[in-house]
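# pasting the sequence and the predicted coordinates here, then a few questions.
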Amino acid sequence: MQKILFIIFDGLGDRPIKKFGGLTPLEAAHTPNMDQWVHKGICGTMNAMPTNLYPTSEEAHLAIFGYDFVRDYPGRGVLEALGIGIKLKPDEMAFRIDFGTVDQSLKLIDPRAGVIESTEKLCKAVDGVEVDGVTFKIYPSLLYRGVLVLSGQPVKNYLKKVKHAAISDTDPHKSGPHKLDVRVLHPQSFGECREGKTVARALERYQYLTHEILEEYKVNKKRVKQGLPPANFILARGEGRLKPVQSFKDRYGLKAACVAGAPLYKGIASYLGMDVLHVRGATGTLDTNADAKVKASIKALKKNDFVFLHFKGTDMAAEELGSPELKKKFIEKVDKSFSRLSGLKNVMIVVTGDHSTPCELHDHSTDPVPLLINSQFPIPNARLNSQGKRSNAKFGESECKDGNLGHIYGKDMMKKLLEMRAM
Ligand code: ZN
């Protein structure tokens, strides 16, 4: 039985770029390794989630791994917390947070505070604060990101009363259609109960209190002097709590490992019971050490049936920077590191994205993503040209649109792979 190396380029899909002569960043990129896999394998397109929904990375990944992205979703906060190794307790609540910049009327100016490089010192300044019986522990993560964990009696009482995510986001940038230039939102509790209102009010008070501390904090004073936006507000979203979920191994009988840099993806893998490997130089950004990640994946394939290898740079180049050049360059860097995979025996390689992130939108979209499956065994309906011969292939949106795999949804991905694996 073949093993599976499952590679996700976050936000891989894109739209034609004028300066690339109407090609997308993936099509314009020099990717001999992936082209070879398409040539010998099969390709198509995928939407991880139904196309009437905004595809978040976390829900898209759960869907691709065959989980119910509503029922099995524990909340972004929980996934981020697991991803940075926090041992969350079932009676705690976790939020994903971003350090942002607000003006004096609390209007959001920059949701990432100029993509501040580290928030470790800022987190220390506002950690462990207690408001109305709720304790707020804050943990720094990648760049401007972090995790906020709420505990205490009011939280326990509230969690007993409600089943699902219960406190609304305060980040207007990420709530519904993304918005800038609006005031940060008031957190609301769902379910008409006193306990929920207490927790929501405590969160709001914590945010105002920490805003005052952060405004005066030396790191921010220095940033203002340097003409940089101060990281003066904690934007909370994606409230969640631990939920019991069937492990990936129990569901598919596959021992799985994950190689990723960004905490969210490690968190998803950890939540599903995959072995999360720590790779030096895996940063979850554009400068990640792709070579080290590929090496680690090859090693992991010896002990596992399924290895999930994740690259965040594609999404980062498109969403945060809107740069087709950087997206193309990142794809080329990663493809180069794939040369190491050429001698692999008995491994089925899958490459796709969790969603598209067109550079022109600076945001995720529901455009289908390219998908390739390179089986070690001959695939009966693999790509043939009009003379019935395999023709040269370039991995990209156009090629995949006409691919023999057709279009699939994320929920059918694992089924498809298990079928092909047994062929
Ligand atoms: Zn994503």
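Here it is on my side, so go on. Bear in mind the structure is a predicted one, so any value in this text is a computation, not a measurement.

# shaky segments in the stretch 301-423 of the chain?
For the stretch 301-423 of the chain, the stretches with pLDDT under 70 are 376-392.

# please repeat the previous calculation with a cut-off of 80.
Along the stretch 301-423 of the chain, the parts satisfying pLDDT under 80 run over 375-392, 422-423.

# what does it put close to the ion?
residue 354 (Cβ under 5 Å from the ion). C-beta: built from backbone N, CA, C; applies to glycine.

# which residue ranges of the stretch 301-423 of the chain form strands?
Ranges of strands within the stretch 301-423 of the chain are 306-311, 347-352, 369-374, 406-409, based on DSSP state E, counting those that start in this stretch.

# can you list the neighbours in contact with the second one?
So that's strand 347-352. 2-9, 12, 34, 37, 41, 46, 64, 301, 341, 369-376, 395, 417, 420-421 (Cβ atoms under 8 Å, 6 or more residues apart in numbering).

# one more: the first one?
With Cβ under 8 Å, 6+ apart as the contact definition, strand 306-311 has outside contacts at 3-10, 248, 252, 254-262, 265, 269, 274, 288, 290, 293-294, 297, 300-301, 330, 334.

# now with 6 Å?
The contact list for strand 306-311, computed with Cβ atoms under 6 Å, 6 or more residues apart in numbering, reads 4-9, 254, 256-260, 265, 297, 300-301, 334.

# those in helices, which ones?
Within the contacts of strand 306-311, residues falling in helices by DSSP state H are 265, 297, 300, 301, 334.

# residues contacting the second one?
Right, the one you point to is residue 297. So residue 297 contacts 259, 307, 309 (Cβ under 6 Å, 6+ apart).

# what is the nearest of those residues to the ion?
residue 309 (14.4 Å; Cβ to the ion).

# so what's that closest one bridging to?
Beta-bridge pairing for residue 309 (DSSP bridges): residue 7, residue 259.

# can you give me the distance of the closest residue to residue 32 other than its chain neighbours to the ion?
Of all residues not flanking residue 32 in the chain, residue 335 sits nearest, at 7.0 Å (Cβ to Cβ, 6 or more residues apart in numbering). As for residue 335, its distance to the ion is 19 Å (criterion: Cβ to the ion, to the nearest Å).

# the strands in the stretch 151-300 of the chain, which residues?
233-240, 256-259, 275-277.

# of all those strands, which one is nearest residue 150?
strand 233-240 (8.6 Å; Cβ to Cβ).

# what about that closest one, average pLDDT?
Taken as a whole, strand 233-240 has an average pLDDT of 95.

# circling back to that earlier point, quick check: which of the strands of the stretch 301-423 of the chain is buried the most?
strand 306-311 (a mean of 28; mean count of other Cβ atoms under 10 Å).

# whichever residue of the chain sits closest to the ion: what's it in contact with?
Nearest residue of the chain to the ion: residue 57, at 2.9 Å (Cβ to the ion). Going by Cβ under 6 Å, 6+ apart, residue 57 touches residue 354.

# relative to residue 171, how far out is it?
Look at residue 57 and residue 171: by Cβ to Cβ, to the nearest Å, they are 16 Å apart.

# got it, and residue 193?
Distance from residue 193 to residue 171, by Cβ to Cβ: 24 Å.

# in terms of neighbours, single out the busier of those two.
Neighbour totals were compared for residue 193 and residue 171, and residue 171 leads with 23 against 15 (other Cβ atoms under 10 Å).

# and the residue nearest the centre of the chain, what's its pLDDT?
Central residue of the chain (Cα atoms, centre = their mean): residue 57, 4.2 Å from the mean position. pLDDT, residue 57: 96.

# near the ion, which residues of the chain are found?
10, 57, 354.

# now do the phi/psi pair for the second one.
As for residue 57, its main-chain torsions (degrees, to the nearest 10) stand at phi -60, psi -40.

# circling back: need the contact list for the residue nearest to residue 32.
31, 33, 34.

# contacts only, for the second one.
Right, the one you point to is residue 33. Taking Cβ under 6 Å, 6+ apart, one finds 335, 338, 339 in contact with residue 33.

# report the contact partners of the second one.
By Cβ under 6 Å, 6+ apart, residue 338 lies in contact with residue 33.

# what's the longest helix in this protein?
The chain, longest helix under DSSP H: helix 194-216.

# could you count how many residues lie near residue 218?
So residue 218, with other Cβ under 10 Å, has 9 neighbours.

# how near is it to residue 230?
Residue 218 is 11 Å from residue 230, by Cβ to Cβ.

# all helices of the stretch 251-400 of the chain, in order?
Assigned helices in the stretch 251-400 of the chain, in chain order: 263-271, 290-303, 313-315, 324-337, 397-401 (criterion: DSSP state H, counting those that start in this stretch).

# make CSV out of those and add distance to residue 147.
CSV is the format used below for the helices of the stretch 251-400 of the chain (distance: least, Cβ to Cβ, whole Å):
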stretch, distance to residue 147
helix 263-271, 8
helix 290-303, 23
helix 313-315, 20
helix 324-337, 26
helix 397-401, 35
